[in-house]
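Enquirer: I need the structure of the sequence given here:
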Amino acid sequence: MRTVDWTVMFLWLVSLVSFGMYRGRGSSTTSKYLLAGKTMPWYAMGLSILATQASAITFISTTGQGFVDGMRFVQFYFGLPIAMVLLSATAVPIFHRAKVFTAYEYLEQRFDAKTRALVGLIFLIQRGLAAGIGLYAPAVALASVLGWSDRLITVLIGVLVITYTASGGIKALTWADVQQMAMIFIALILSLIVVVHALPANISFLDALHLAGAAGRLNIVDLHLDLSDRYNLWSGLIGGGFLALAYFGCDQSQVQRYLTGKSIAQSRLSLLFNATVKIPMQLFILFIGVMVFVLSLFTPGPMIFQPAEAARAAQTSAWKPVEQQFRQTFERRRDAAQQLAASIRSGGTQKTASLAAFRSAESDYRKARERGLDIVQTLHGGERFDDTNYIFLSFVREYLPAGLVGLVIGVIFSASMGSTSGEINSLATVSVVDIYRRFFVRGRSDRHYLTASRLLTVFWGAYAVAFAAWGARGFGALIVRVNIVGSLFYGGLLGVFVLAFFCKKVGGTAAFWGVLAGEAAIFSVARFTDISFLWYNVVGCIVVVAVALAISKTQPAAGCAE
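Expert: From the prediction side, this is the model:
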């Protein structure tokens, strides 16, 4: 990066942290620190909820996903709008009227203390793991651009996050998220403008769309039902719907956002805002990746997008012939793309033949790149290597003008900060409200619990940094499949809240054993089948409800509400 890029990145990060600390002033009670005194407007909550999903790894990976696999990844979110409507009608009014700090506090009101403690501990395990992984993944990717060690980046992000989150609580991070989302939208729009402008002069935007479609990159909907495929209409609507219900209805990092609302109506609006914005935003990010792919048809790119691994592989004897073949296939694909675009514009009889030639050249190019990836995989002892997360960063480094590079890198930094701040704040909240105050230190002053909240925010921030810097290296598979972490636990959480909301005759003991059975079922499915992780949420929820109802059969009139 150039001097102007460093300046822009530094100014952006300083302004973000300063703005968060400024807006977080006055968090002088536990209620104000953990729930912003229930004063937040719907748009701030909505953008903050959106920001926790727009993590740095999502920002980097989704564009890469569009590059390598097209737009079908958006099906992952097809169940989200339905989930938001259902939660607006159920969870939002129930949690608000219960006057709780956490979703798990409500479980004691409905069931008993042991169910609350069990679910709270499950959340701490799941979200604590996700916080470290979510911090580590973007740090590794940014290290290749900045030339810093990933540990240094991890510590820097952690220190910035802890600074404004520990001082101002959820009010500070919510307003920082609002500023962050505004800048993310600006950075995405500017990135698309740059990539379209960088296309060859004889390739119009319409030509680019035709080429993307010919390469199978505009494949938004897949109607094929396959339980092992995570990206089709059915896994998105059903599995993704259950995941969204669990994430936004049972995960404290999300529930806490809409518990800060001025009213039930304001909290509902924040969820409905996400229902309308999330899918278009994901489509837009994926489309940027697709346009970067079209640009790559005409401009030579690296065979391996991870610079350090490419340099290491280049030292092997197998590299040179594979790289030569890769360059040859690129030239054939470039010529075929030009011919296809020309035949489409002319409307001549050569369109079918040009399309077949282009697809054949694209297949040969992809195979040549895969052989390069195989060399890196061999160097890693056969462990699968995926450089998708580096594709967009490669585009940023090569094509964005001075200043804009620093802005985009700063936005990726802040995206990581936004998701991490939400996680450590919710971890601190559950630790204080559901564990510390409930089971260990009861009856102390509000100031005592406010201090405990701040100290536990620092603790969980330090934990996330330490895990990301020194522990996450052993979790490579989970970093690639970061969404699986949540799905291993969310089905159990969703099941117990279904019982709480709708099965009024089910007691605490039945719910407790139902959760344990649901988690056992999820881990068994993950271990012994190849079913896509999205379906874990369905399996876990069904098992929790079924087991709890079965146990409750010993009691008269057990069942779910009509």
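Enquirer: quick one, what contacts Gln377?
Expert: 383-385 (CB atoms under 8 Å, 6 or more residues apart in numbering). Yep, even glycine has a C-beta here, placed from its N, CA and C like the rest.
Enquirer: how close does it get to Leu87?
Expert: 42 Å (CB to CB, to the nearest Å).
Enquirer: likewise Tyr399?
Expert: Taking CB to CB, one finds Tyr399 at 40 Å from Leu87.
Enquirer: next one: Ser31
Expert: The gap separating Ser31 from Leu87 is 23 Å, by CB to CB.
Enquirer: the more surrounded of the two?
Expert: Leu87 (26 against 16; other CB atoms under 10 Å).
Enquirer: please name the nearest non-neighbouring residue to Gln179.
Expert: Excluding the flanking residues, the one nearest Gln179 by CB to CB, 6 or more residues apart in numbering is Phe19, at 5.4 Å.
Enquirer: which of the contacts of Gln377 has the most neighbours?
Expert: Counting by other CB under 10 Å, top hit in the contacts of Gln377: Phe385 with 20 neighbours.
Enquirer: now that one: which helix or strand?
Expert: Assigned by DSSP states H and E, Phe385 belongs to no helix or strand.
Enquirer: what pLDDT does it get?
Expert: At Phe385, the pLDDT value in this model is 79.
Enquirer: one more: Trp234?
Expert: With respect to pLDDT, Trp234 has a value of 84.
Enquirer: same check, this time on the one 4 residues further on
Expert: Reading off the per-residue confidence, Ile238 sits at a pLDDT of 87.
Enquirer: return stretch 111-129 as PDB; C-alpha atoms alone will do.
Expert: Extracted C-alpha coordinates of stretch 111-129, given in PDB (Å, rounded to 0.1, in the frame of the first residue of the first chain):
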ATOM      1  CA  PHE A 111     -38.500 -23.500  32.700                       C
ATOM      2  CA  ASP A 112     -35.900 -23.600  35.500                       C
ATOM      3  CA  ALA A 113     -32.400 -22.500  36.400                       C
ATOM      4  CA  LYS A 114     -30.700 -25.600  35.100                       C
ATOM      5  CA  THR A 115     -32.100 -25.200  31.600                       C
ATOM      6  CA  ARG A 116     -31.000 -21.500  31.700                       C
ATOM      7  CA  ALA A 117     -27.500 -22.500  32.800                       C
ATOM      8  CA  LEU A 118     -27.200 -25.300  30.200                       C
ATOM      9  CA  VAL A 119     -28.300 -23.100  27.300                       C
ATOM     10  CA  GLY A 120     -26.100 -20.200  28.500                       C
ATOM     11  CA  LEU A 121     -23.100 -22.500  28.600                       C
ATOM     12  CA  ILE A 122     -23.800 -23.800  25.200                       C
ATOM     13  CA  PHE A 123     -23.900 -20.200  23.900                       C
ATOM     14  CA  LEU A 124     -20.600 -19.300  25.600                       C
ATOM     15  CA  ILE A 125     -18.900 -22.300  24.100                       C
ATOM     16  CA  GLN A 126     -20.300 -21.700  20.600                       C
ATOM     17  CA  ARG A 127     -19.900 -18.000  20.500                       C
ATOM     18  CA  GLY A 128     -16.500 -18.000  22.200                       C
ATOM     19  CA  LEU A 129     -15.200 -20.400  19.500                       C
END
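Enquirer: tell me where the stretch 351-500 of the chain has helices.
Expert: Counting by DSSP state H, counting those that start in this stretch, the segments of the stretch 351-500 of the chain that form helices are 351-379, 391-399, 404-430, 446-466, 476-480, 482-502.
Enquirer: any idea which of these scores lowest on pLDDT?
Expert: For the helices of the stretch 351-500 of the chain, mean pLDDT drops lowest on helix 476-480, to a mean of 40.
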